[in-house]
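Peer 1: Got a sequence here, can you build the structure:
(chains A, B and C)
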Amino acid sequence: MSHKPSSRVAVKKVVGPMFLVALLLLACSEPASYPEKDITVVIPFNSGGAFDAYVRALAPGLQKHLPNSINVLPKNLPGAGGRRGASDIYRARPDGYTIGIFNMPGVLIPQLQGMKIGYELSKVTWLGTLGYDSYVFVVKGDSPHESIDDLKELGRNVTYGATGPGSTSYIATNIVNETLGIPFDIITGYKGSSDYLLGLIRGDFDAAMINFSTARSYLESGDIKALAVFGTDSNDPQVADAGDLGAPELANIRVVRMMGAPPDLPEDIKTMLEEALLAAMEDAEFKAWLESTGNEAHSANAAETAAAVLEMTEFYDQFRQLLD
Amino acid sequence: MLDLLLQAAAGLLSPGTLIFLFAGVLVGLVFGVIPGLGGTTALALLLPLTYGMEVTHAFAMAGGIMGAIAMGGSISAILLNAPGTGPSAATCIDGHPLAKQGRAADAIGAVATASPLGGLFGVLTLLLVLPVARDIVLLFGPPEFFLVAVFGIVTVAISSAKNLLRGLVAGGIGLMLSFVGYDTVHGGVRYTFGSDYLWDGIPLIPSLVGLFGMAEMIRLSIEGGTVAADAKTVKLDGVWSGVRATLRHWKVVIRGSIIGTLIGAIPGVGGTVATFIAYSTTKKADRDPDSFGTGRIEGIIAPESANNAKDSGALLPTLAFGIPGSAEMAVFLGILMLHGMQPGPAIFADHQDKIYGLILALTLSAVLASFIGITFVRWLAAITLIKGQILAPVVIAVSLVGVYAINLTPGDVVLAAVIGVLGYLMLRFDYPRLPLVIALILGETAERGFQQSMMIGNGDLSIFVHSVTSIILVVLIFLSLSWSFVPMLRKKFAASIAGEVP
Amino acid sequence: MSRPVKDKQTISLLPSIVIFAFIVSYIVSGYFMLDESTRLVPLLAGIVTLVLLILDMLMTRFGAGGDRETEQAEGGGVIVPESRGRELTAILFVAGGVAGIYLVGFLISIPLYLFASIAYLGNQSTKIALIVALVASLLIYLLFEVALDYQLFPGVLFS
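Peer 2: Numbers count the residues shown, from 1 in each chain, chains lettered A, B, ... in the order given. A predicted model of the protein is given here:
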């Protein structure tokens, strides 16, 4: 055998394989490295609201179901009725480190109105639905009216309370009354749903459309009384639902809490997030939290959510003239 | 009720809970002192940390924060004219002149006494009134909101008696600025020129920090010197005379506390309004109203009592209906929600013991914060001896950071600076800032109240004298107006009779 | 300290004119940009304020004049600064600081602003300016970024 210099042998025998192993490790580590750092979940409202509570209740579970023990950090970005948070999520880098919750149809309506907003909802990478909040048609607890028909017989415009024109409560009131053929006036300007809830109890107006999570404890205490519910089926014979009223299309009226990420998110990251989300929603602690706060468990996966967005867009688009 | 209170007290005084309370007090003091940061920000930061904490501990910490914020805010109001929080802005008016006269220690002593007294009064009122809380909250609808807003604006605008015309102009500008943003009544967006930043209106805290704090610091950096005009006159140990002053003026304490509790209880009006109204009414009721603003000790006792009493007031709608009485309460309800407690009419009934714990924590925290304030008063008063050229840029820098921290919006930083320059110019050219502030806060409330009342009442103006509450408010407004104008007219009348030129 | 007003020169009509211009542009832009219902109250407020302003301008020009004894309220009272130049410089320093924060963020601008203001505007020794700038910036960093876990604005150029 010829004698090669030992250094050359060393290179061939040690460094070479090392190099190959390193290359291999590098190649394998790339896709499996997400998530490498903390993930931010944008909440488009201030601390203390329902959207905020949902995200914070879910965050620990999300953290648990994602690999690499990174943190999931909720971040409040209130402003412009939820639009600031929405556009912040939309414009973030699609690397899976910024996701967020969208209030639908709240942020959908300005888009349909043609307002200059920083997002396009059909392009958002939808990850899943956390739940929805149906709309209850309520009157004061001691009101003599037992059904919507009673209100029709008032012989004058039925008065409702809502936040601002263009808000979900306003739109919902408009759509329901127009569809059911009730003559109505809306007293706008209340700062939030709690404010017009108080207005209803005070007697400022006849009735209101309020989302169920806000209304629930007041229904239980008897301060307000539900005449109808939209967005879900009614289990209570005293409370009508969209079907009972002969207007099944109104079943679409509800607030939906959807999670999304910036457009063009890589497919594998999206799948990872989607699965973590669904798993977190099945966690015992989350379900217990839902129970104790009186929220119902309704989850949906990414594909269902994306489809729901398109459906919602179509639905509200029909009522475009009411939106202005 | 008494046994539940005792139970809650026992729970609060356990060492574990006390630590959380104390931590809350410290956080509250720091957040109160730094201009821009305040109770709402502190609670919002606390919120996620409470996940996994026992509810009693979370409440002890929250109560600690809320009770101490007022003291912290007053400290920077007095020493730097930079209100640490919105409600502390009223303390600047007579507090800072006291500091300039070298009597910062007096001022801090007075404030340290007024705060827990006001807080205690507020808590006692709350406990007394709790059974009828619902009815009280329901007394206030759009007509009443309108009248309260008008009362607030009128009271403050008229308090600038000698400079009335300029005060009214400043108030008018404040009104005009308050209309910037989204109009919830008509849905239009006003004066935002397309920017999303102004969509929710001109933010209050950056405006206050700029108008009072930064303006004063700009002035200081121009004029030089120290906050205390003459270093020799600084009494570093005046704190006990301040304490005695508050006890002497116990009637002012009571008046301030009543106003604080009442106005704090009206959702959406806010603590800043409460302290301003407490200040203005005390000034008007005094024998020598024009000396207010030069360092009258009553001028800080009144707003400080109101400042702590308002927290109890804000608990009223929160406990009666689960509807937050203030921004801090809104975050507090969030803490409740996180722990699986549903805000609503039943919240007090379902969680009485924990709520009593919170109320006690609030009271105790105000006392603790005062102790800390008094302990460090010499150091604090010594700040007035620091060269203005060094102090001013530092305070401006900290204010800008603090203001950014509220909402993580760079726009707030720019706004605070712009309004800071505006505030300086108002100082320079002799336009009172108070009316501008109060109009900025209440303008939209007034407009909304009016428009909604018109919608509810179908255009009938009698809705404003429909309820007992509204009638009382209308009478108060007229009294307030006549209280100011009648003496003025009488003086002129007397002067012309005596043959002098009016 | 503020000195009492003695001469009419300090009461120029300039600020009133600026305010006048502001109110007029507010009214005009509101009239053209807003719908009838939403502009009603703001325009009303603008017009009333304008009237009050005109009254004030008239009184300043022709009225009691010189000894405008103003309230010492709000720590105020008319200021008579050393020089207009100094005022402008002070304001420009703040403007510069804010511009810096907006462009390159807090961590760079705050130390620079502090140093420049204390050393140049404040005429203090460079050593003191440097020390205060560094210490204050460090404390701010520790309090906000470390203890409170805020991400201080990095500036538009870096984000």
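
Peer 1: Can you classify B:Phe59 by secondary structure?
Peer 2: Here B:Phe59 is helix, with the state taken from DSSP: H, G, I helix; E, B strand; the rest coil.

Peer 1: Do you know the pLDDT at it?
Peer 2: pLDDT for B:Phe59: 89.

Peer 1: so what's the most centrally placed residue in chain C up against?
Peer 2: Geometric centre of chain C, nearest residue: C:Ile91, 7.1 Å, by CA atoms, centre = their mean. By CB atoms under 8 Å, 6 or more residues apart in numbering or on different chains, the residues touching C:Ile91 are B:Ile218, B:Val421, B:Tyr424. Quick note: C-beta positions are derived from backbone N, CA and C, even for glycine.

Peer 1: Kindly recompute the last result at 6 Å.
Peer 2: Going by CB atoms under 6 Å, 6 or more residues apart in numbering or on different chains, C:Ile91 touches B:Val421.

Peer 1: now do B:Gly334
Peer 2: By CB under 6 Å, 6+ apart, the contact set of B:Gly334 is A:Ser47, A:Gly48, A:Asp52, B:Leu47.

Peer 1: cool, B:Ile69 as well?
Peer 2: Going by CB under 6 Å, 6+ apart, B:Ile69 touches B:Gly28, B:Gly32, B:Gly39, B:Thr85.

Peer 1: Run a quick neighbour tally on the residue of chain C found nearest chain A.
Peer 2: The minimum distance from chain C to chain A, using CB to the nearest CB, falls at C:Asp149 (9.0 Å). With neighbours defined by other CB atoms under 10 Å in any protein chain shown, the count for C:Asp149 comes to 9.

Peer 1: Angles on the backbone of whichever residue of chain B sits closest to chain A, please.
Peer 2: Nearest to chain A, among the residues of chain B, is B:Gly344, at 2.4 Å (CB to the nearest CB). Dihedral pair for B:Gly344: phi 170, psi -180, per degrees, to the nearest 10.

Peer 1: Spatially nearest residue to it, not counting backbone neighbours?
Peer 2: Closest residue to B:Gly344 in three dimensions, ignoring its sequence neighbours and counting by CB to CB, 6 or more residues apart in numbering or on different chains: A:Ser217, at 2.4 Å.

Peer 1: Pretty sure the one you found sits in a strand.
Peer 2: No. Counting by three-state DSSP, A:Ser217 falls outside a strand, being helix.

Peer 1: Neighbours of A:Pro263, how many?
Peer 2: Using other CB under 10 Å, A:Pro263 has 14 neighbouring residues.

Peer 1: can you tell me the helix or strand for it?
Peer 2: Per DSSP states H and E: A:Pro263 is located in neither a helix nor a strand.

Peer 1: got a list of what it touches?
Peer 2: Residues near A:Pro263 by CB under 6 Å, 6+ apart: A:Lys123.

Peer 1: any idea how far chain B is from the residue of the stretch 151-300 of chain A found nearest chain C?
Peer 2: Nearest residue of the stretch 151-300 of chain A to chain C, counting by CB to the nearest CB: A:Pro165, 10.0 Å away. Noted for A:Pro165: a distance of 3 Å to chain B, by CB to the nearest CB, to the nearest Å.

Peer 1: before we move on, what SS does that residue have?
Peer 2: coil.

Peer 1: What is the end-to-end distance of stretch B:320-334?
Peer 2: End-to-end distance of stretch B:320-334 (CA to CA, to the nearest Å): 16 Å.

Peer 1: One more: stretch B:96-104?
Peer 2: 8 Å.

Peer 1: gap between it and the chain center?
Peer 2: 21 Å (CA atoms, centre = their mean, to the nearest Å).

Peer 1: Show me what counts as buried in the helix or strand hosting B:Ala133.
Peer 2: Using DSSP H and E, the element containing B:Ala133 is helix B:133-138. Buried residues in helix B:133-138, counted by 16 or more other CB atoms under 10 Å in any protein chain shown: B:Ala133, B:Arg134, B:Ile136, B:Val137, B:Leu138.

Peer 1: before we move on, the earlier item: go ahead and confirm the residue of the stretch 151-300 of chain A closest to chain C touches B:Val185.
Peer 2: No. Look at A:Pro165 against B:Val185 with CB atoms under 6 Å: they stay out of range, at 8.3 Å.

Peer 1: ok, back up a step: mind putting the contacts of B:Gly334 into JSON lines with distance to chain C?
Peer 2: Formatted as JSON lines, those follow (distance: CB to the nearest CB, whole Å):
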{"residue": "A:Ser47", "distance to chain C": "15"}
{"residue": "A:Gly48", "distance to chain C": "19"}
{"residue": "A:Asp52", "distance to chain C": "18"}
{"residue": "B:Leu47", "distance to chain C": "13"}
